[in-house]
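>>> coords below, sequence missing:
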């Protein structure tokens with residue numbers, strides 16, 4: 001009787017672990033650092049974007065990653081449903097890559113005329129990052 005009890009429990013535990021592995025992970029910009037402005041004319045401030053995606057995910061020096069902003073909006077009238085919009089806002093080029101993280105710089109911002117209005121128009125912490133597909 002004991003063997004019959006252990007088999008379904010083992011099956012359920014295995015199913016729970018495999019189901020959680022099937023859920024896709026969102027990779028994000030988790031930190032940003034930049035030069036300190038010195039007030040010089042024609043000064044160019046550099047920014048580094050730290051991403052939790054690295055060599056384990058196929059990212060190497062020179063890789064270009066797409067950056068998206070997820071905008072969540074509630075429809076209070078018809079469906080009372082929340083809609084998530086994943087909108088591309090730019091690209092990051094990787095300068096350095098480790099096993100599980102990498103450092104990149106801004107490669108391109110999307111044209112303002114062809115993107116919705118954002119509260120913050122530049123890349124920010126929490127933006128979603130994925131592999132660039134041509």
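Good, I have the coordinates. Treat the numbers as computed from the prediction; the structure is a model and nothing was measured.
>>> neighbours around the nearest residue to residue 108 once chain neighbours are set aside, how many?
Closest residue to residue 108 apart from its sequence neighbours, by CB to CB, 6 or more residues apart in numbering: residue 91 at 4.4 Å. Using the backbone N, CA and C atoms, a C-beta is placed for each residue, glycine as well. Residues near residue 91, counting by other CB atoms under 10 Å, number 18.
>>> Distance of residue 91 relative to residue 131?
Counting by CB to CB, to the nearest Å, the gap from residue 91 to residue 131 is 11 Å.
>>> Give me the buried stretch members for the host helix or strand of residue 105, please.
With elements taken from DSSP states H and E, the one containing residue 105 is strand 102-109. Across strand 102-109, burial judged by 16 or more other CB atoms under 10 Å covers 102-104, 106.
>>> just to revisit the earlier point, overlap in contacts, residue 91 and residue 131.
65-66 (CB atoms under 8 Å, 6 or more residues apart in numbering).
>>> Quick one: distance of the strand holding residue 105 to the chain centre.
12 Å (CA atoms, centre = their mean, to the nearest Å).
>>> Would you give the sheet partners of it, along with the direction of each?
Within its sheet, strand 102-109 is paired with strand 47-51 (antiparallel), strand 82-97 (antiparallel), according to DSSP bridges.
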